[in-house]
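[1] This is a predicted model, with the sequence first.
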Amino acid sequence: GRKYAEPVQVYRGPFQRDRDRIIHTAAYRRLSHKTQVFTNELGDYHRNRLTHTLEVCSIARTIARALRLNEDLVEAMALMHDIGHPPFGHSGEDVLDVCLADDGGFSHNRHALRIVEVLEQRYPDFPGLNLSMETLEGQQFRAAKKDALVSPSLEAQVVDAADSIAYDSHDADDALELGLLDLSQLKEVSIWNTAVKKVSEGRDLSPVLLRRAVAHELIDVQVQDLLENTVVKIERSQLQSAEQVKSQQPIVGHSDQMMHEKDDLESFLMQNVYRHPSVIRVRDSAQAALRSLFKLLKTKPHLLPDNYARRSEEIGLQRTIGDYIAGMTDRFAWREHARLLEN
Ligand code: MG
């Protein structure tokens with residue numbers, strides 16, 4: 001159901017409708033100019049927040065179909081999962097969280113709900129997108145980090161798993177293409193080595209082809225492991241209802257062996273990629289820009305656009321500035337910074 005009752009549509013199911021509403025938001029379109037891990041001044045090859053979202057969606061739908069879950073629901077939740085990200089990804093999120101510390105802080109997961117429930121105004125009969133409860137539930141779970149439920153729906157669990165499968169594979173691929181890593185460094189990572197052996201099969205592949213093939217293979221081995229492990233757990237748990245899913249530990253997941261290998265890859269990426277000096281350098285300057293924008297708008301609120309200035313009378317100046325900055329793309333944030341602070 002939906003918070004505001006709406007007539008059903010004969011040609012489109014409720015979750016298809018949710019998906020369509022999500023992809024018609026401004027927040028969704030802006031994902032194309034928001035950082036995933038690497039900012040756009042580093043090049044044009046690597047993933048941005050939108051292409052990451054599409055990769056998650058594609059992986060999540062494959063898993064959902066194989067497990068005979070609701071593919072439309074999974075698609076809607078996947079397309080929404082990162083919609084709340086501010087410019088510059090987690091670096092931007094950290095700045096807003098500090099700036100809004102005495103106002104409840106900032107998290108991209110909570111902000112995604114704010115976008116789809118309040119901020120996107122495009123329908124005359126209700127605020128936000130009036131999405132189905134099932135579509136919202138996955139995001140509510142991410143935002144609240146548990147509370148009443150032990151687990152979200154199986155569809156929401158699939159989206160979380162697909163997110164992790166996507167970034168573990170594409171962050172390694174992007175870092176290699178950007179020259180932040182070279183292939184020999186990854187030899188210490190066992191999941192990478194297994195994938196290399198599988199794709200090369202004794203052939204001598206060029207470094208570029210090897211890298212690309214391994215990036216795909218990494219997704220494949222993770223998805224296969226997830227499916228095998230999850231099918232066994234579903235059978236063992238004798239699930240009878242969606243409600244039963246929510247009262248027990250998550251069922252969609254990897255084998256212990258795969259979890260271990262993913263942890264190794266993630267620690268490697270943390271050490272060698274996310275903390276790479278050229279990533280840190282861009283991150284520091286982006287964070288400084290957002291901090292000074294926030295500070296400036298706080299002391300000179302008349303610089304806010306009219307619609308935000310009006311909203312600040314209802315919800316307070318701090319949260320309004322937070323909403324305004326969170327809605328910015330990377331390049332709009334840089335442009336506003338240059339316009340307001342560099343002259
Ligand atoms: Mg994501």
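    Arrived safely. Residues are numbered from 1 along each chain as shown.
[2] Only C-alpha atoms from now on, for both contacts and neighbour counts.
    Noted.
[3] Tell me which residues touch the residue nearest the centre of the chain, please.
    Taking Cα atoms, centre = their mean, the centroid of the chain lies closest to Asp82, which sits 3.3 Å from it. By Cα atoms under 8 Å, 6 or more residues apart in numbering, Asp82 lies in contact with 49, 53, 108-109, 112.
[4] now Tyr123
    Leu129.
[5] just for the stretch 201-343 of the chain, where's the confidence low?
    343 (pLDDT under 70).
[6] where do the helices sit along it?
    Ranges of helices in the stretch 201-343 of the chain, per DSSP state H, counting those that start in this stretch, are 207-237, 242-246, 256-269, 277-299, 306-315, 317-326, 330-341.
[7] before we move on, back to that, if you look at the contacts of Asp82, which of them are in helices?
    49, 53, 108-109, 112 (DSSP state H).
[8] Make CSV from those residues and add distance to Glu342 and neighbour count to it.
    Output for these, formatted as CSV (distance: Cα to Cα, whole Å; neighbours: other Cα atoms under 10 Å):
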residue, distance to Glu342, neighbour count
Arg49, 28, 23
Thr53, 33, 24
His108, 28, 24
Asn109, 32, 21
Ala112, 31, 23
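[9] Name the member of those residues with the shortest distance to Asp174.
    Arg49 (13.2 Å; Cα to Cα).
[10] And the residue in the chain sticking out farthest from the centre, how far from His337?
    Going by Cα atoms, centre = their mean, the residue of the chain most distant from its centre is Gly202, 36.7 Å out. According to Cα to Cα, to the nearest Å, Gly202 and His337 sit 53 Å apart.
[11] re earlier: OK, contacts around the residue farthest from the centre of the chain?
    By Cα under 8 Å, 6+ apart, Gly202 has no neighbours at all.
[12] again with Leu304
    Counted by Cα under 8 Å, 6+ apart, Leu304 has contacts 297, 321.
[13] Tell me the pLDDT of Lys145.
    pLDDT recorded at Lys145 is 63.
[14] how deep is Gly13 tucked in, by neighbour count?
    Here the count is done by other Cα atoms under 10 Å, and Gly13 has 12 residues near it.
[15] for His254, same thing?
    20.
[16] Setting the sequence-adjacent residues aside, check what's closest to it.
    Leu226 (4.6 Å; Cα to Cα, 6 or more residues apart in numbering).
[17] Could you list the low-pLDDT ranges of the stretch 1-150 of the chain?
    In the stretch 1-150 of the chain, residues with pLDDT under 70: 145-149.
[18] what's the distance between Arg65 and His302?
    From Arg65 to His302 the distance is 51 Å (Cα to Cα).
[19] for Leu42, same thing?
    Counting by Cα to Cα, the gap from Leu42 to His302 is 34 Å.
[20] any idea how far the closest residue to Val37 other than its chain neighbours lies from Thr39?
    Sequence neighbours aside, Gly89 is the residue nearest to Val37 in space, at 6.8 Å (criterion: Cα to Cα, 6+ apart). Per Cα to Cα, Gly89 is found 9 Å from Thr39.
[21] Now render the ones in helices among the contacts of Asp82 as CSV, adding distance to Leu131.
    Below are the ones in helices among the contacts of Asp82 laid out as CSV (distance: Cα to Cα, whole Å):
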residue, distance to Leu131
Arg49, 22
Thr53, 19
His108, 18
Asn109, 16
Ala112, 12
